[in-house]
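Enquirer: Everything below, folded, please.
(2 chains)
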There are 2 protein chains.
Amino acid sequence: MKKDELELVKYIRNKFPFTEGIGIGDDSAVLLFRKSALLTTDLMIEDVHFDLSYTSFYHLGFKIVSVNVSDIYAMGGDFKGFLFSLGVPVTTNEEDIDSLFDGIEDALNYYGGYLIGGDLSRSEKVILSGVAVGETERPILRKGATAGDRIFITSYLGLSQAGYYVLKSLNQEDRAKVKSTKYFDLNEKIISYGKSEINEALQRHLMPFARKSDKFRDIAKAMMDISDGLLIDLYRLCEESKVGAEIYVDQIPVHPAVKEIAKLFNMDPLKLILSGGEDYELIVISDKIYATEVGLIPIGKIVEGEGIYLVDPSKGKIPTKPEGWQHF
Amino acid sequence: MKKDELELVKYIRNKFPFTEGIGIGDDSAVLLFRKSALLTTDLMIEDVHFDLSYTSFYHLGFKIVSVNVSDIYAMGGDFKGFLFSLGVPVTTNEEDIDSLFDGIEDALNYYGGYLIGGDLSRSEKVILSGVAVGETERPILRKGATAGDRIFITSYLGLSQAGYYVLKSLNQEDRAKVKSTKYFDLNEKIISYGKSEINEALQRHLMPFARKSDKFRDIAKAMMDISDGLLIDLYRLCEESKVGAEIYVDQIPVHPAVKEIAKLFNMDPLKLILSGGEDYELIVISDKIYATEVGLIPIGKIVEGEGIYLVDPSKGKIPTKPEGWQHF
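Expert: Predicted coordinates:
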């Protein structure tokens, strides 16, 4: 790195001006909340959460914002600000650092929030720690679902996990191609195998977008984002709400990229959809029948009792175990 | 580790109840601010910020809270809540994890705040990322000092750095003794060399206490905490305030432990005091003559122009370069 720490702080401060309070450059950020404040934090660690052989620093910057903003939207909140801590090896290229902050900048512009603080450190592995700050009139919790409510999701699931399987299988040449690609155009074949539609899965894994909830938060009784997998996250929501759930398997939409990738890897696409994490779509619980008109996709209903059941027209009602990402 | 991730989250949630809002267990924490909100974040990484051969998990837990709370106090704020993200190897002992959260608990009780969120991940090295949340009627910035103001500090400096030199010089047996000690009693000889008064330096390095500012924040025009070293931090404050400073070297108090350790290592105690970081005392700028009555120690004055000068009765006025901890 050419910049020393003081210079890097100056660079970041100039890149991210904040005029609605005190941002970078003092001991703490200062801001005013007019409604309830929302705070959330998420960590991303090299070789645990990402692989630098196919992940660009630009994507990392974008993703650390998305995964945090997702938790603000999951509470029905509006995003306001972001704090970002970075650990990087001293040998990191200046261009990589610039790309990282370009990714953060693009994400903040996309979501409409400001960088207001953070910390810098050297580190053996790349470490990103984000904090998203938001506000809301009415926080929507995991608690609040009652028997009879409908379960909705906001879009296709399993894409990120499917993309992950593809990325892990790539040879060095393909990894380099992926790493140098910013947006994965559907009409362009980037890697050496499969149809170009799998690009969408690569994009979702490397640079996910958090799902805004402002269009439907008013009709949500309970909500959460799908970061670890539909089943495990729905299980957590049900636990908080002290209810059970039934999922109608044949109602869950399957994205063409998930179908294609499941075929390539000889997997069950349903497994990717139910247990693949990192899609950053939302689970929305509502009793409003018109929820589909604001784009929500019905996939099941809340029932009394506990546990999640898959309802399959051909196989009947099958109990599930919560499956998805666990760190320990 | 015996607990899996779900069990660990449950354990943490039970240990840290929060009733004034929504704490651990939802997508975001929810809380209400009545005044301006303060937000700050600090990262601690194994082998960069701490050495596990002499640092206990209890001390780590206490310290990650202190270093973050220090930034809230440095803004003149009251501490409210804490978010904590942890990366640890899967092989970490259950007892170490428990000690870590005991340290966090003791610190939160000491400072009077709640654990309201966080994230968990496996990781090769131990990584701690803290976020402190506070509030204040009137934030005190680094900007605001004007020529003629007095420069105060809140207590002895250089202790943490002096302690660091001792710790780094210890043999394995002494490191193990230090690691198993919670509070370093001044009357007990713990390590095999030096006077027992150096215990205070070990304590300050391993388990610093953030300096509360409620007694003097009303008379402060500018303020910041000393985390990287007096000179570099005062330099930053002066840069923000667009002023210079003069330090009266003979007015700076020297702690007996700093004197003793400087002698042991054949160092200039003044260098430890001026450039040693991690003391988490405060620099307070005030034009009030009675500032000493609330415990503040005068060490210099703000002048026009730029740069920091050391004023030594025997040597005259010596310009300084900002020195202290830089990561890159």
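Enquirer: Only the buried residues of stretch A:85-105, if you could.
Expert: Within stretch A:85-105, the residues that count as buried by 16 or more other C-beta atoms under 10 Å in any protein chain shown are A:85-88, A:92, A:96-105. Where you see a C-beta, it was placed from the backbone N, CA and C, and this is true even at glycine.
Enquirer: cool, and stretch A:251-268?
Expert: A:252, A:255, A:257-262, A:264, A:267.
Enquirer: Start and end of stretch A:22-40, how far apart?
Expert: End-to-end span of stretch A:22-40 (C-alpha to C-alpha, to the nearest Å): 20 Å.
Enquirer: buried stuff in it?
Expert: Judged by neighbour count using 16+ other C-beta under 10 Å, the buried positions of stretch A:22-40 are A:22-31, A:33, A:36-40.
Enquirer: What residues does A:Pro253 make contact with?
Expert: Neighbour list for A:Pro253: A:156, A:297 [criterion: C-beta atoms under 8 Å, 6 or more residues apart in numbering or on different chains].
Enquirer: For it, give me the pLDDT.
Expert: pLDDT, A:Pro253: 97.
Enquirer: do the same with A:Ile232
Expert: 93.
Enquirer: correct me, but it touches A:Pro322?
Expert: Yes. When contacts are counted by C-beta atoms under 8 Å, A:Ile232 is listed as touching A:Pro322 (4.4 Å).
Enquirer: ok, which of the buried residues of stretch A:22-40 also contact chain B?
Expert: Subset of those in contact with chain B: A:22, A:25-31, A:33, A:36-40, counting by C-beta under 8 Å from any C-beta of the partner chain.
Enquirer: Now do the same contact list for A:Ile12.
Expert: A:Ile12 sits next to A:24, A:101, A:115, A:118 when contact means C-beta under 8 Å, 6+ apart.
Enquirer: Tell me which two of those residues sit farthest apart.
Expert: Greatest spacing in these, by C-beta to C-beta: A:Ile24 and A:Phe101 (11.7 Å).
Enquirer: re earlier: now, the ones next to chain B among the buried residues of stretch A:22-40 that are in strands?
Expert: A:29-31, A:36-40 (DSSP state E).
Enquirer: With pLDDT as extra columns, can I get these in CSV?
Expert: Below are these laid out as CSV (pLDDT from 0 to 100):
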residue, pLDDT
A:Ala29, 97
A:Val30, 96
A:Leu31, 95
A:Ser36, 97
A:Ala37, 98
A:Leu38, 98
A:Leu39, 98
A:Thr40, 98
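Enquirer: Pull the most distant pair out of the residues you listed.
Expert: Checking those with C-beta to C-beta, the most distant pair is A:Val30 and A:Thr40, at 19.4 Å.
Enquirer: I'd like to know how many residues surround the nearest residue to A:Ala147 once chain neighbours are set aside.
Expert: In space, and not counting its chain neighbours, A:Ala147 is closest to A:Glu304: 4.4 Å by C-beta to C-beta, 6 or more residues apart in numbering or on different chains. A count of neighbours around A:Glu304, defined by other C-beta atoms under 10 Å in any protein chain shown, yields 10.
Enquirer: Go ahead and confirm A:Phe82 touches A:Asn68.
Expert: Yes. When contacts are counted by C-beta under 8 Å, A:Phe82 is listed as touching A:Asn68 (6.9 Å).
Enquirer: Who has more neighbours out of the two?
Expert: Counted by other C-beta under 10 Å, A:Phe82 and A:Asn68 do not tie: A:Asn68 has more neighbours, with 31 against 27.
Enquirer: for the helix or strand hosting that one, packing partners?
Expert: Per DSSP states H and E, A:Asn68 falls inside helix A:57-73. Applying 3 or more C-beta pairs under 8 Å, 6 or more residues apart in numbering or on different chains; DSSP states H and E, we find helix A:57-73 packed against strand A:36-45, strand A:78-88, helix A:94-111, strand A:127-136, strand A:222-225.
Enquirer: Nearest spatial neighbour of A:Ile22, chain-adjacent residues omitted?
Expert: Excluding the flanking residues, the one nearest A:Ile22 by C-beta to C-beta, 6+ apart is A:Val30, at 3.9 Å.
Enquirer: For A:Leu274, see how far away the residue nearest the centre of chain A is.
Expert: Residue closest to the mean C-alpha point of chain A, counted by C-alpha atoms, centre = their mean, is A:Tyr280 at 3.3 Å. Distance, A:Tyr280 to A:Leu274, using C-beta to C-beta, to the nearest Å: 16 Å.
Enquirer: same check, this time on A:Val178
Expert: To A:Leu274, A:Val178 is 26 Å away according to C-beta to C-beta.
Enquirer: Please apply the same query to A:Val69.
Expert: According to C-beta to C-beta, A:Val69 and A:Leu274 sit 24 Å apart.
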